[in-house]
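> Quick one, structure for this:
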Amino acid sequence: MNSAPVTGDDRLIYSVSSLLQEAKDCLELSFPLLWVEGEISNFSSPASGHWYFTLKDSKAQIRCAMFRNRNRLVDLKPEQGAQVLVRGRIGLYVARGEFQMVVEHMEDAGAGALQRAFELLKAKLQSEGLFAAEYKQPLPDKPRCIGVITSGTGAAIRDILSVLKRRYPMGQVIVYPVAVQGEAAAPAIVGALETATRRNECDVLILARGGGSLEDLWAFNEETVARAIHACPIPTVTGVGHEVDFTIADFVADQRAPTPSAAAELVGPDQAVWAQRVSRSVNQLTSLQAAQLQRAAQHHSWLQHRLMQQHPGRRLEQHMQRLDDLELRLQRNQAGTLQQKHFRLARLSQGLLNASPAQQIQRETQHGILLSQRLQTAMQKRLDAQGRLLAVTARALDSLSPLKTLERGYTVATLPSGHLLTQADQVTEGDAVQLRLHKGSLDCTVEAVHQPAEMSDK
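Residues are numbered from 1 along each chain as shown. Okay, here's the model as predicted:
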């Protein structure tokens, strides 16, 4: 228990413990939690798990204590000579009368400052919308030209060129060599992005470098680089460091790859995959064409069968057969009539011979001649009528014949597949067609296609 100061002989007298306690209280009330940067020395960690060390700079030092319940939350392992940044309270260790700092948090001084700058810039750019998805541009499927912004002598450019040569050898590659580390790196990267934008010779850009510490990668965390990437109209892919490394440039870029090689794989499509797709497409197209040709052949066979059934020649054959039938019937009727007349004439002649009157013979003879003339006239009229009917039928058949249409100067156009050409949109410029004339045929090539007015309006 601390002893209170006593008075005597007009003097205020403190005990050592009470003086140190008041000094301790005064220090703790005067200084809130604060940050101190310095170099670790005299580090020790006894069995209790607490840390004791001295924090110094070139001119002074201060004793520090970090108790176990706080130091177990720190990822950093303190080492002799390490430059650290600590947060704690100022006070006195009363038992020894030593000025000290009770540390609650510790981090590496260099990495900590950079990490705080990283988080501040990230929050600032994110609030401005530079990381928003609506600004992300899609990468081209088959880029004609690929731009690479990286060191011209590092391992990253060798890895990128090797991957692109293996996966996508037909793509042109333009390298914009820049410094990727140090004070000159950020302005060089910004200049390369502006040059690529001005030249407009690439379809996609790769911004890359190999692995390194946070300090080594810091050029890709600069605000000028982030804004240059955001302003670049060319789709940009970053491949900075290793898979665990993230930079501000990764968040602004259209896509982020974990390594430079992965960025090259992301930008350059695999030619083997494209070859397989082309092969599958060719096989599908061949199968579709074969099936279509088979259906067309079946349809053509069906149309040819129908044409044979309804061909004018078939109908003409039927009329000719009908005409022959009528002619045979006429001949049979005529022969029967003549035979009947002959029989009657013979009977009359026999009756005349039997009766022997000359007058009756003469009348009967004249009557027979008259009947014969009427019969011949009737037969001739019927033959003439049948002939006229046959001529009319023949002329009608002739006018319906496609051959007659060709004789008048018309042609029939067909495709090489045999299909009848009836519309202009069945062919394109350069297609071959065949024109059948009244005599012979022509093989032609389409020079121009003219659509009807009603179709062009549509």
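> where in this structure is pLDDT low?
Within the chain, the set of residues satisfying pLDDT under 70 comprises 1-10, 110-113, 272, 274-275, 309-311, 313-315, 317, 352-357, 359, 453-458.
> Which strand or helix spans the residue nearest in space to the middle of it?
Nearest residue to the geometric centre of the chain (C-alpha atoms, centre = their mean): residue 141, 7.2 Å. Take DSSP states H and E as the rule and residue 141 turns out to sit in neither a helix nor a strand.
> ok, now which ones touch the nearest residue to it once chain neighbours are set aside?
Leaving aside its chain neighbours, residue 141 sits nearest to residue 269 (6.5 Å; criterion: C-beta to C-beta, 6 or more residues apart in numbering). C-beta: built from backbone N, CA, C; applies to glycine. Applying C-beta atoms under 8 Å, 6 or more residues apart in numbering, we find residue 269 in contact with 141-142, 167-168.
> Now tabulate those residues in CSV and tack on distance to residue 383.
Shown next, in CSV, are the contacts of residue 269 (distance: C-beta to C-beta, whole Å):
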residue, distance to residue 383
141, 84
142, 84
167, 92
168, 90
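> Need the max-distance pair from those residues.
Greatest spatial distance among these (C-beta to C-beta): 141 and 167, at 13.4 Å.
> pretty sure residue 21 contacts residue 95?
No: counting by C-beta atoms under 8 Å, residue 95 is not a contact partner of residue 21; they are 11.1 Å apart.
> Which one's more surrounded, those two?
residue 21 (16 against 8; other C-beta atoms under 10 Å).
> Would you confirm that the more buried one belongs to a helix?
Yes: Residue 21: assigned to a helix according to DSSP: H, G, I helix; E, B strand; the rest coil.
> Who wins on neighbours among the contacts of residue 269?
Using other C-beta under 10 Å as the neighbour test, those are led by residue 168, with 20 neighbours.
> if I pick that residue, what's in contact with it?
Per C-beta under 8 Å, 6+ apart, neighbours of residue 168: 146, 268-271.
> Next up, phi/psi of it, please.
When read as degrees, to the nearest 10, the backbone of residue 168 gives phi -140, psi 70.
> how about the helices in the stretch 101-250 of the chain?
Assigned by DSSP state H, counting those that start in this stretch, the helices in the stretch 101-250 of the chain fall at 109-127, 155-167, 185-199, 223-231, 248-252.
> Can you check the distance spanned by stretch 51-70, start to finish?
Taking C-alpha to C-alpha, to the nearest Å, the first and last residues of stretch 51-70 lie 10 Å apart.
> Contacts for it, please.
By C-beta under 8 Å, 6+ apart, stretch 51-70 touches 36, 38-46, 48-50, 71, 74, 78, 84, 86, 88, 93, 98-106.
> can you check stretch 24-41 too?
For stretch 24-41, using C-beta under 8 Å, 6+ apart, the contacting residues are 53-57, 61-62, 78-92, 94, 99, 101, 104, 109.
> Quick one: end-to-end length of it, please.
24 Å.
> Not counting its neighbours along the chain, what's nearest residue 83?
Residue 83 sits nearest to residue 109 (C-beta to C-beta, 6+ apart), 4.3 Å away.
> Settle this for me: residue 108 is touching residue 82, isn't it.
Yes: in terms of C-beta under 8 Å, residue 108 counts as a neighbour of residue 82; the distance is 7.3 Å.
> Mutual contacts of these two, please.
In contact with both residue 108 and residue 82: residue 76, using C-beta under 8 Å, 6+ apart.
> that older thread, nearest to residue 430 among the contacts of residue 269?
The nearest member of the contacts of residue 269 to residue 430, counting by C-beta to C-beta, is residue 142 at 26.5 Å.
> phi, psi of that closest one?
Torsion angles, degrees, to the nearest 10, at residue 142: phi -130, psi 80.
> how far away is it from residue 277?
The gap separating residue 142 from residue 277 is 12 Å, by C-beta to C-beta, to the nearest Å.
> what separates residue 255 from residue 350, distance-wise?
Taking C-beta to C-beta, one finds residue 255 at 126 Å from residue 350.
> Compare neighbour counts for these two and give me the winner.
For the pair residue 255 and residue 350, the greater number of neighbours falls to residue 255 (18 against 10), based on other C-beta under 10 Å.
> The closest residue to that one other than its chain neighbours bridge partners, please.
Distances taken as C-beta to C-beta, 6+ apart place residue 237 nearest to residue 255, at 4.9 Å, with adjacent residues excluded. Listed by DSSP bridges, the beta-bridge partners for residue 237 are residue 206, residue 255.
> Also residue 413?
residue 435.
> hang on, it packs against residue 437?
No: at 10.9 Å, residue 413 does not count as touching residue 437 under the criterion of C-beta under 8 Å.
> Among the two, which residue is more densely surrounded?
Higher neighbour count among residue 413 and residue 437: residue 413, with 16 against 13, using other C-beta under 10 Å.
> Quick check: closest non-adjacent residue to residue 171.
Distance criterion C-beta to C-beta, 6+ apart; nearest residue to residue 171, sequence neighbours excluded, is residue 146 at 5.4 Å.
> mind listing what the one you found touches?
Counting by C-beta under 8 Å, 6+ apart, residue 146 touches 164, 168, 171-174, 202-206, 267-268.
> Go again with 6 Å.
Shown in contact with residue 146 (C-beta atoms under 6 Å, 6 or more residues apart in numbering): 171, 173, 204, 267.
> which of those has the most neighbours?
Counting by other C-beta under 10 Å, top hit in the contacts of residue 146: residue 267 with 30 neighbours.
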